[in-house]
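**Student:** need a structure here:
(2 chains, ligands or ions: 2)
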Amino acid sequence: MYAQMIKTASDGIKSRDEMSDEERTFQDKIDADIKIEPKDWMPEDYRRTLIRQIGQHAHSEVVGQLPEGNWITRAPTLERKAILLAKVQDEAGHGLYLYSAAETLGVSRDELVEMLLSGKMKYSSIFNYPTLNWADIGAVGWLVDGAAIINQVALQRTSYGPYSRAMIRICKEESFHARQGYHAIMAMAFGTPEQKKMAQDAVNRLWFPALMMFGPSDKDSVHSEQSMAWKIKIKTNDELRQQFVDQTVPQILYLGLDLPDPNIQWNEERGHYDFSDPDWSEFFNVIKGNGPCNTDRLAARGKAWDDGQWVRDGLLAHSRKKAAARMAAE
Amino acid sequence: MKNEWPLWEIFIRGQHGMSHRHVGSLHAPDAAMAIKNARDVYTRRNEGVSIWVVEAQHVAASSPSDKGPLYEPSESKVYRHPTFFDIPEEVGAM
Ligand SMILES: [Fe+2]
Ligand SMILES: [Fe+2]
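**Tutor:** Ligands and ions are numbered 1, 2, ... in the order given. The predicted structure is shown next:
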């Protein structure tokens, strides 16, 4: 997902007998759906895992602005441009809510940014794919934000209070994102034959990368048991992925587009669509840094950070100077 | 890292004559910028008519371990609730 391969900081799940009193009280609260708040006692591993997960989620919101930002100046109409601008601005806000949530765990935003830029922390693999044309912008809003919503709706119930509140806030804004994307792709799917072809091509290219957003298959996702027990992961990767496929297939059919995977088929017995796995070797390769845009994305973030340095420093120097003058006058 | 902008807690008054409510936090070099940023981040969809910002380091908070001493005393004082008193129906609305 936006946080895809979070290594849970723990050496396996503890039985009640192995837990200390504090750990037991903590787990009881989680089991009773009582939120954990910043000043409450929490296991160090819970704190560390959450910093990784929320940090990666925040980075994804911010880096996720790049593929869409690429098309703001080239939107086909002024209205679509205003909509896309508002959508991308929301993502900056999402990054901020999440950095703030992470900061309550004792890490600073600047530290998180440094870890992103030095490659110590990741962001979602999906943003390492390019947006080649306007149809991709529609497909991103619809499929990528659509996939993100499925994950984030589940995470509203996460055990950590500030994270849960950030998710609730974000979910309120996300359905605008998915709907504006679907609306844009509808215009193309029902437009000229050339436009329809572009819409089909966008769906074909983005389908599997969107499926990868939910992270590796359950049989390969290490440590997720502990995260489930702590309720920082609410549903498994495969459950979320299935939910996404079931929700999205009818939407593709409505557009009159071909399904991007010949193995998509309704399975009466399971009550779900069957579908092909993405190419997991591609996924791991992108995570490792070898996707089509990894270098560009990090370079863009690094440049923004460096170019903004004098603004951050200047404004801070100004406010310190004013504060000092006020003190002197008192 | 020492040059990080301070953290501000943001409170917004919603449309309907409510009190200001904590909505989140953000970084800003000073109060004026914090208000500008809060407007951009927290009121993009008509969520508010008034903004308060407080530098996070000035917020004093009770600690979770004080929960017992702080709140338990009120649990036993049931007579603080109107339902404690049985008033005959004939008396009418009260
Ligand atoms: Fe977002
Ligand atoms: Fe979004």
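**Student:** any idea how far A:N70 lies from ligand 2?
**Tutor:** 16 Å (Cβ to the ion, to the nearest Å). Using the backbone N, CA and C atoms, a C-beta is placed for each residue, glycine as well.
**Student:** Is it correct that that residue is in contact with A:N133?
**Tutor:** No. Counting by Cβ atoms under 8 Å, A:N70 stays clear of A:N133, with 10.4 Å between them.
**Student:** Of all the helices and strands in the chain, which has the lowest average confidence?
**Tutor:** No chain specified, so I'll use chain A. Every helix and strand of chain A was ranked by mean pLDDT, DSSP states H and E. The lowest is helix A:224-229, at a mean of 88.
**Student:** Buried residues, that one. List them.
**Tutor:** Neighbour-count burial for helix A:224-229, counted by 16 or more other Cβ atoms under 10 Å in any protein chain shown, picks out A:224, A:226-227, A:229.
**Student:** Could you look up the next helix or strand downstream of it?
**Tutor:** Using DSSP states H and E, the helix or strand that follows helix A:224-229 in sequence is helix A:237-254.
**Student:** and the next element down the chain from that following helix?
**Tutor:** Immediately after helix A:237-254, counting by DSSP H and E, sits strand A:265-267.
**Student:** From the contact counts, what lies against the helix or strand following that following strand?
**Tutor:** Next helix or strand after strand A:265-267 toward the C-terminus (DSSP H and E): strand A:272-274. Other helices and strands packing on strand A:272-274, by 3 or more Cβ pairs under 8 Å, 6 or more residues apart in numbering or on different chains; DSSP states H and E, are helix A:237-254, strand A:265-267.
**Student:** Which neighbours in the sheet does the last one have, and how are they oriented?
**Tutor:** On the basis of DSSP bridges, the sheet neighbours of strand A:265-267 come out as strand A:272-274 (antiparallel).
**Student:** B:I87: what secondary structure?
**Tutor:** coil (DSSP: H, G, I helix; E, B strand; the rest coil).
**Student:** Need the pLDDT of it.
**Tutor:** With respect to pLDDT, B:I87 scores 95.
**Student:** one step back: what's the offset of the least confident helix or strand of chain A from the middle of its chain?
**Tutor:** 19 Å (Cα atoms, centre = their mean, to the nearest Å).
**Student:** name the helices or strands packed onto it?
**Tutor:** Checking 3+ Cβ pairs under 8 Å, 6+ apart, helix A:224-229 ends up next to helix A:44-63.
**Student:** For the helix it packs on, the averaged confidence score.
**Tutor:** The model assigns helix A:44-63 a mean pLDDT of 96.
**Student:** in chain B, which spans are helices?
**Tutor:** B:31-42, B:67-75 (DSSP state H).
**Student:** Of those, which is nearest ligand 1?
**Tutor:** helix B:31-42 (13.2 Å; Cβ to the ion).
**Student:** Show me where chain B dips below the pLDDT cut-off.
**Tutor:** Along chain B, the parts satisfying pLDDT under 70 run over B:1.
**Student:** re the thing from before, so for A:R169, which of the helices of chain B sits nearest?
**Tutor:** Closest of the helices of chain B to A:R169 is helix B:31-42, at 9.0 Å (criterion: Cβ to Cβ).
**Student:** quick one on the thing from earlier: please identify the most buried of the helices and strands packed on strand A:272-274.
**Tutor:** helix A:237-254 (a mean of 18; mean count of other Cβ atoms under 10 Å in any protein chain shown).
**Student:** just to revisit the earlier point, could the helices and strands packed on strand A:272-274 be laid out in JSON lines, adding distance to ligand 1?
**Tutor:** Listed next are the helices and strands packed on strand A:272-274 as JSON lines, based on distance: least, Cβ to the ion, whole Å:
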{"stretch": "helix A:237-254", "distance to ligand 1": "16"}
{"stretch": "strand A:265-267", "distance to ligand 1": "31"}
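**Student:** possible to save these as a markdown table with mean pLDDT?
**Tutor:** Shown next, in a markdown table, are these (pLDDT from 0 to 100):
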| stretch | mean pLDDT |
| --- | --- |
| helix A:237-254 | 97 |
| strand A:265-267 | 97 |
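**Student:** Out of these, which is closest to ligand 2?
**Tutor:** helix A:237-254 (14.7 Å).
**Student:** Restrict that closest one to CA atoms and write it as PDB.
**Tutor:** The C-alpha trace of helix A:237-254 is given here as PDB (Å, rounded to 0.1, in the frame of the first residue of the first chain):
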ATOM      1  CA  ASN A 237      -2.400  -7.600   1.800                       C
ATOM      2  CA  ASP A 238      -4.300 -10.200  -0.100                       C
ATOM      3  CA  GLU A 239      -7.700  -9.300   1.500                       C
ATOM      4  CA  LEU A 240      -7.200  -5.700   0.500                       C
ATOM      5  CA  ARG A 241      -6.100  -6.600  -3.000                       C
ATOM      6  CA  GLN A 242      -9.100  -8.800  -3.500                       C
ATOM      7  CA  GLN A 243     -11.400  -6.000  -2.300                       C
ATOM      8  CA  PHE A 244      -9.800  -3.700  -4.800                       C
ATOM      9  CA  VAL A 245     -10.200  -6.100  -7.700                       C
ATOM     10  CA  ASP A 246     -13.900  -6.800  -6.900                       C
ATOM     11  CA  GLN A 247     -14.600  -3.100  -6.700                       C
ATOM     12  CA  THR A 248     -12.800  -2.100  -9.800                       C
ATOM     13  CA  VAL A 249     -13.600  -4.800 -12.400                       C
ATOM     14  CA  PRO A 250     -17.300  -3.600 -12.800                       C
ATOM     15  CA  GLN A 251     -15.900   0.000 -13.100                       C
ATOM     16  CA  ILE A 252     -13.700  -1.100 -16.000                       C
ATOM     17  CA  LEU A 253     -16.600  -2.900 -17.700                       C
ATOM     18  CA  TYR A 254     -18.800   0.200 -17.400                       C
END
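**Student:** What is that helix packed up against?
**Tutor:** So helix A:237-254, by 3+ Cβ pairs under 8 Å, 6+ apart, packs with helix A:145-155, helix A:193-212, strand A:272-274.
**Student:** hmm, try it at 7 Å
**Tutor:** Other elements packing on helix A:237-254 under the criterion 3 or more Cβ pairs under 7 Å, 6 or more residues apart in numbering or on different chains; DSSP states H and E are helix A:145-155, strand A:272-274.
**Student:** Contact residues of the stretch 1-150 of chain A facing chain B?
**Tutor:** Proximity of the stretch 1-150 of chain A to chain B, by Cβ under 7 Å from any Cβ of the partner chain, involves residues A:39-40, A:93, A:96-97, A:100, A:103, A:108-111.
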